[in-house]
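>>> just need the structure, nothing else, for what follows:
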Amino acid sequence: MSDKSTITETAKETIARLRANRQQRSELEKEKSQPHQTRGVEEAQTKQGAKRASKQARGVSTVQRKKAISAIAQKLLHGELTQGQALKALRVEVLGLTQDEYASLAKVSRKTLSDVENDRGSFKTDILDRLFKPFALKVGIVPITIGVTTRIL
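You can find the predicted model right below:
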């Protein structure tokens, strides 16, 4: 009886090892099949913090979503992000949607969304409000200097 349990345990270990080897080989093949220039671009984008929405993106919890929205909004207010960078970060990190998917959600063209995310052009407030609405954000007037208090004499 102990021989049978040893054989079963060995079989389980062998299956686990074979699966790990297969996964490692497929990852190496995927890397090799990718053109060298494309890999460099993706590595550069990763280093710069650029993110892309993908079909494999997983949803985030409501708490995580609210924290991400708040953090990105704070960076926007402090001038660490442009309006376009903030919109792209929200779209990718919070919703995990592609430009096509998000453009149809916000009822704007993909070109318009791309232009806003890349800080090209000047857009009316109603377009910007439409783009930020899914995140419960709105375009508004904010003080130029943050943290400065004024005294009324």
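>>> where does the prediction get shaky in this structure?
For the chain, the stretches with pLDDT under 70 are 1-9, 32-60, 145-153.
>>> mind listing the helices for it?
2-33, 36-48, 62-77, 83-89, 99-106, 110-117, 125-132 (DSSP state H).
>>> residues in contact with the shortest one?
In this structure, residues lying in contact with helix 83-89 by CB atoms under 8 Å, 6 or more residues apart in numbering are 51, 72-73, 75-76, 81, 113, 116-119, 128, 131-132. Just so you know, the C-beta spots here come from the backbone N, C-alpha and C atoms, and that holds for glycine as well.
>>> the third one too?
Where contact means CB under 8 Å, 6+ apart, the residues beyond helix 62-77 that reach it are 60, 81-83, 86, 89-90, 93-94, 135-137, 142, 146.
>>> next, format those as JSON lines and append neighbour count and distance to Ala68.
JSON lines is the format used below for these (neighbours: other CB atoms under 10 Å; distance: CB to CB, whole Å):
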{"residue": "Val60", "neighbour count": "15", "distance to Ala68": "7"}
{"residue": "Leu81", "neighbour count": "17", "distance to Ala68": "13"}
{"residue": "Thr82", "neighbour count": "14", "distance to Ala68": "17"}
{"residue": "Gln83", "neighbour count": "16", "distance to Ala68": "17"}
{"residue": "Ala86", "neighbour count": "21", "distance to Ala68": "11"}
{"residue": "Ala89", "neighbour count": "21", "distance to Ala68": "8"}
{"residue": "Leu90", "neighbour count": "23", "distance to Ala68": "8"}
{"residue": "Glu93", "neighbour count": "18", "distance to Ala68": "5"}
{"residue": "Val94", "neighbour count": "19", "distance to Ala68": "5"}
{"residue": "Phe135", "neighbour count": "19", "distance to Ala68": "9"}
{"residue": "Ala136", "neighbour count": "9", "distance to Ala68": "12"}
{"residue": "Leu137", "neighbour count": "18", "distance to Ala68": "12"}
{"residue": "Val142", "neighbour count": "8", "distance to Ala68": "20"}
{"residue": "Ile146", "neighbour count": "9", "distance to Ala68": "21"}
